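> coordinates only, sequence not included:
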């Protein structure tokens, strides 16, 4: 019976690690593509419209935000596959409970390290694209706010699920 439960725990943790790795790759590819797009926009603005300072600053902030996101994703949220064999969940439950706690915490803080810098960069960029005095910038900003809130809520939901799984899988183990 214990072997079956252990195998089940190993499979669940393996599934979670694969899911985290897919998320990291997906987020990195999207961020890389957006970095390329905004680098081209920034280069165009520097050479063709150097007086459009807001577009250049906005593009720069967006690129910085995306580089920050990639850094956090691969530094804080990355779980190497080698940890599964080096630290089997049944033998090192404290380590894996701590890993899941850290994943959930970082997803809860997504507004700080992901959404806030990106929102700020897009806000500055949109101010350069739309005439702020005419009010035309309001609709794109509202759309941006709705998308950011949706991403934030999705990440909170994922964090809560990770915490529920952690508590169900590891019970009353204390993390240090």
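Looks like it came in fine. Because the structure is a prediction, the values reported are computed rather than measured. Numbering: from 1, shown residues only.
> Tell me the pLDDT of residue 78.
Residue 78 is assigned 96 on the pLDDT scale.
> Tell me how far the nearest residue to it once chain neighbours are set aside lies from residue 100.
Nearest in space to residue 78, with sequence neighbours left out and distances taken as C-beta to C-beta, 6 or more residues apart in numbering, is residue 24 at 5.9 Å. All C-beta atoms are positioned from the backbone trio N, CA, C, and that covers glycine. To residue 100, residue 24 is 16 Å away according to C-beta to C-beta, to the nearest Å.
> more neighbours, those two?
Shown here are residue 24 and residue 100; by other C-beta atoms under 10 Å, residue 100 has more neighbours (21 against 16).
> ok, which stretches of this protein are helices?
Per DSSP state H, the chain carries helices over the ranges 2-48, 53-75, 82-86, 93-108, 110, 116-129, 138-170.
> Can you find the helix or strand of the protein with the lowest average pLDDT?
helix 2-48 (a mean of 91; mean pLDDT, DSSP states H and E).
> got the angle between that one and helix 138-170?
160 degrees (axes from the mean of the first three to the mean of the last three C-alpha atoms, to 10 degrees).
> Against which helices or strands is helix 2-48 packed?
helix 53-75, helix 82-86, helix 93-108, helix 138-170 (3 or more C-beta pairs under 8 Å, 6 or more residues apart in numbering; DSSP states H and E).
> quick one: the residue nearest to residue 78 and residue 75 touch, right?
No: between residue 24 and residue 75 there is no contact under C-beta atoms under 8 Å: 10.6 Å.
> how many neighbours does residue 165 have?
16.
> Check what pLDDT it gets.
Reading off the model, residue 165 has pLDDT 94.
> try residue 170
90.
> Chain neighbours aside, what residue packs nearest to it?
residue 97 (4.4 Å).
> if we can go back for a sec, any chance of the helices and strands packed on helix 2-48 in CSV with distance to residue 126 as columns?
CSV is the format used below for the helices and strands packed on helix 2-48 (distance: least, C-beta to C-beta, whole Å):
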stretch, distance to residue 126
helix 53-75, 7
helix 82-86, 41
helix 93-108, 27
helix 138-170, 5
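> out of the ones you listed, nearest to residue 127?
helix 53-75 (5.4 Å; C-beta to C-beta).
> Return the list of helices and strands in contact with that closest one.
The contact analysis (3+ C-beta pairs under 8 Å, 6+ apart) places helix 53-75 against helix 2-48, helix 116-129.
> In a markdown table, list the ones you listed along with distance to residue 107.
Listed next are these as a markdown table, based on distance: least, C-beta to C-beta, whole Å:
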| stretch | distance to residue 107 |
| --- | --- |
| helix 2-48 | 10 |
| helix 116-129 | 15 |
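> that older thread, for the residue nearest to residue 78, list the residues it contacts.
73-74, 77-78 (C-beta atoms under 8 Å, 6 or more residues apart in numbering).
> No further queries at this time; thank you.
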